[in-house]
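In: model the following, please.
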Amino acid sequence: MTIMYLINNAEKLEAGEEIPRLGLEVFRFMEFIYPDDVLGAELVEKLPPPRVMKTHLPLKFYKMQLDAYPATKVVQITRNPKDTLVSFYHFYRMNKGLGHFKGTFSDFFAMFERKELVFGDLFEHTAEWYNYLKDRDNSLILVYEDMKRDLKVNIVKICKFLGRDLPEHVIDLIVTKTTFDNMSKDKALNQSYHEHFDKTKSTFLRKGQVGDWVEYFNDEESKIFDQKSKEFFEPLGLNYEYQ
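Out: Residues are numbered from 1 along each chain as shown. Coordinates of the predicted model:
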């Protein structure tokens, strides 16, 4: 979302204007309740076009509308499921709204197996969105590991998708601004302003590494994820890097 904001507001970036707190002031989750009991979808509806929104909800909540409005642009960002679950584990630990989870990673893995995590099953969620978007016009699928390997190439993809023809030096500015290290240090981007995030448990932008899962998954848990990847992702041609 930060990259999309900077692309759409490249003139402000080039002019050196301060970036707003994107998580609170710009981009809204459709499904979240914001101050004064206002649903995010209601706030998005009031925005001037082009409206940018974000969601963690499964495809079933949007498919009818996306079918009806094929010009709607959709970006899916996906990451290898093992690192994703580790990231989610730490998010549960630091998030007051999710109860500051106090169990071990294996306890959290058991919650995943019982399908008790918010937003539904990780594999079903990813596969359903990917399968719907991969052949849909006005859709872009980005892979986290690809972005880690070559951020600039992927930013150029997003520019093209959004119809923004930016000069090279501006693209380089966006690349520099959105490296994981720089975003981690930027108070407008690292979500450190959220009162319900306990930074003593974890930071919102924690490591950003590929392969951190090896410090958490035991052999049995890893095999379970390998089997689920084979079941849900291989038929779609969706493959990830894990190291």
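In: could you pull up phi and psi at the closest residue to Val74 other than its chain neighbours?
Out: Leaving aside its chain neighbours, Val74 sits nearest to Ser139 (4.9 Å; criterion: C-beta to C-beta, 6 or more residues apart in numbering). Placement of C-beta: from N, CA and C, glycine included. Backbone torsions of Ser139, given as degrees, to the nearest 10, read phi -130, psi 140.
In: what's around Ser139, how many residues?
Out: Residues within reach of Ser139, counting by other C-beta atoms under 10 Å, total 19.
In: same thing with Lys82?
Out: Around Lys82 there are 22 residues (other C-beta under 10 Å).
In: before we move on, what about Leu66?
Out: Neighbours of Leu66 under the rule other C-beta under 10 Å: 17.
In: name the next helix or strand downstream of the helix or strand bottoming out on mean pLDDT in the chain, please.
Out: None of the helices or strands of the chain scores lower by mean pLDDT, DSSP states H and E than helix 22-25, at a mean of 59. Counting by DSSP states H and E, the next helix or strand C-terminal to helix 22-25 is strand 28-29.
In: pLDDT score assigned to the nearest residue to Pro50 once chain neighbours are set aside?
Out: Spatial nearest neighbour of Pro50, excluding adjacent residues (C-beta to C-beta, 6+ apart): Asn8 at 7.4 Å. What the model reports as pLDDT for Asn8 is 89.
In: I figured Asn8 hits Pro49, correct?
Out: No. Contact criterion C-beta atoms under 8 Å: Asn8 and Pro49 do not qualify, at 11.4 Å.
In: now do the contacts for the residue nearest to Val74.
Out: 73-76, 133 (C-beta atoms under 8 Å, 6 or more residues apart in numbering).
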